[in-house]
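Participant: no FASTA, just this:
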């Protein structure tokens with residue numbers, strides 16, 4: 001997608017973390033921004049930052065796990081901006097827990113937000129995107145889609161599904177004016193890790209501290225995403241560990257399994 005100035009970008013989970021940085025990066029390139037999130041306080045703060053960049057911005061309280069709320073988002077964005085050119089399905093959640101200790105509610109929440117939120121978003125906005133001369137869809141997958149990370153089984157499942165869904169969508173959109181990208185970040189310095197506890201702060205704190213020690217800045221993710229969209233899309237592996245894990249999984253999958261087993265032994269020291 002070559003032209004970003006005066007385009008309209010919808011960012012789910014846009015109030016904080018990677019979503020916030022994506023909103024600011026695309027706004028700095030001249031795009032108008034529609035921020036969708038459930039955190040009204042942070043959404044107002046991010047909206048004020050976007051406004052300072054001289055573009056139009058709107059905010060929308062939306063739970064992406066509900067199709068009706070995404071349909072309302074579409075209608076509100078069209079009322080506020082008149083069009084949608086880029087959809088960024090960024091909203092996501094994770095929980096540190098073994099599958100044995102994962103409740104139905106925790107499993108359903110992750111699958112509904114991480115996976116169904118992406119599917120509902122694409123289905124809802126695709127007819128609107130088709131009206132434009134050029135458009136783009138960006139879905140948030142993860143390094144967790146490449147290998148099974150212990151204590152993250154449902155998150156891994158949801159992100160692997162997003163990756164496969166995006167690959168299929170890319171094929172379906174080939175030859176059209178709609179580009180498709182799916183992002184594969186590793187550890188990123190956001191509050192996603194801080195909110196990952198499921199009643200066991202020892203697990204949360206231990207794993208979060210290890211990951212955040214080597215995590216990338218979300219601003220870096222946003223800059224590379226914008227460049228990637230301009231080049232046309234496809235899969236974007238964003239961090240060094242993601243590239244390493246991807247290549248290891250192809251060349252020596254037994255080493256990946258062994259490293260994940262070592263991670264499980266570390267995590268089991270903290271698990272209830």
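Facilitator: Done, it's in. These numbers come from a predicted model, not from an experiment.
Participant: Where do the strands of the stretch 1-150 of the chain begin and end?
Facilitator: 8-12, 32-37, 57-61, 86-89, 135-140 (DSSP state E, counting those that start in this stretch).
Participant: Using a markdown table, lay out those together with mean neighbour count, mean pLDDT and distance to residue 160.
Facilitator: C-beta: built from backbone N, CA, C; applies to glycine. What follows is the strands of the stretch 1-150 of the chain, written out as a markdown table (neighbours: other C-beta atoms under 10 Å; pLDDT from 0 to 100; distance: least, C-beta to C-beta, whole Å):
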| stretch | mean neighbour count | mean pLDDT | distance to residue 160 |
| --- | --- | --- | --- |
| strand 8-12 | 28 | 98 | 20 |
| strand 32-37 | 27 | 98 | 24 |
| strand 57-61 | 19 | 98 | 29 |
| strand 86-89 | 28 | 98 | 15 |
| strand 135-140 | 25 | 98 | 12 |
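Participant: Turn those strands into CSV, including distance to residue 106.
Facilitator: Below are the strands of the stretch 1-150 of the chain laid out as CSV (distance: least, C-beta to C-beta, whole Å):
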stretch, distance to residue 106
strand 8-12, 20
strand 32-37, 21
strand 57-61, 23
strand 86-89, 21
strand 135-140, 19
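Participant: Relative to residue 216, which of the ones you listed is closest?
Facilitator: strand 135-140 (14.4 Å; C-beta to C-beta).
Participant: what about the helix or strand following that closest one, average pLDDT?
Facilitator: Downstream of strand 135-140, the next assigned helix or strand under DSSP states H and E is helix 153-173. Averaging pLDDT along helix 153-173 yields 97.
Participant: my read: residue 88 touches residue 21, true?
Facilitator: No: taking C-beta atoms under 8 Å as the definition, residue 88 is not a contact partner of residue 21, at 11.1 Å.
Participant: Any stretches of the stretch 101-250 of the chain with poor pLDDT?
Facilitator: 189-215 (pLDDT under 70).
Participant: ranges for the helices of it?
Facilitator: Using DSSP state H, counting those that start in this stretch, the helices of the stretch 101-250 of the chain run over 104-110, 117-129, 153-173, 201-213, 218-231, 240-251.
Participant: buried ones in the second one?
Facilitator: The reference is to helix 117-129. Buried residues in helix 117-129, counted by 16 or more other C-beta atoms under 10 Å: 117-122, 124-126, 128-129.
Participant: Let me know the closest of the residues you listed to residue 143.
Facilitator: The nearest member of the buried residues of helix 117-129 to residue 143, counting by C-beta to C-beta, is residue 118 at 16.8 Å.
Participant: quick one, what contacts that closest one?
Facilitator: Residue 118 makes contacts with 89, 139-140, 162, 165, as judged by C-beta atoms under 8 Å, 6 or more residues apart in numbering.
Participant: what about 7 Å?
Facilitator: For residue 118, the contacting residues are 89, 139, 162, 165, by C-beta atoms under 7 Å, 6 or more residues apart in numbering.
Participant: what about the closest residue to the third one other than its chain neighbours, neighbour count?
Facilitator: So the one you mean is residue 162. Spatial nearest neighbour of residue 162, excluding adjacent residues (C-beta to C-beta, 6 or more residues apart in numbering): residue 141 at 4.5 Å. If you count neighbours by other C-beta atoms under 10 Å, residue 141 ends up with 29.
Participant: my read: residue 141 touches residue 181, true?
Facilitator: No: between residue 141 and residue 181 there is no contact under C-beta atoms under 7 Å: 9.9 Å.
Participant: list the contacts for residue 137?
Facilitator: Contacts of residue 137 (C-beta under 7 Å, 6+ apart): 87, 122, 169, 178, 180.
Participant: same question, residue 131
Facilitator: Residues counted as contacts of residue 131 (C-beta under 7 Å, 6+ apart): none.
Participant: Dump the contacts of residue 118 into JSON lines; add distance to residue 101 as well.
Facilitator: Converted to JSON lines, the contacts of residue 118 look like this (distance: C-beta to C-beta, whole Å):
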{"residue": "89", "distance to residue 101": "28"}
{"residue": "139", "distance to residue 101": "29"}
{"residue": "162", "distance to residue 101": "24"}
{"residue": "165", "distance to residue 101": "28"}
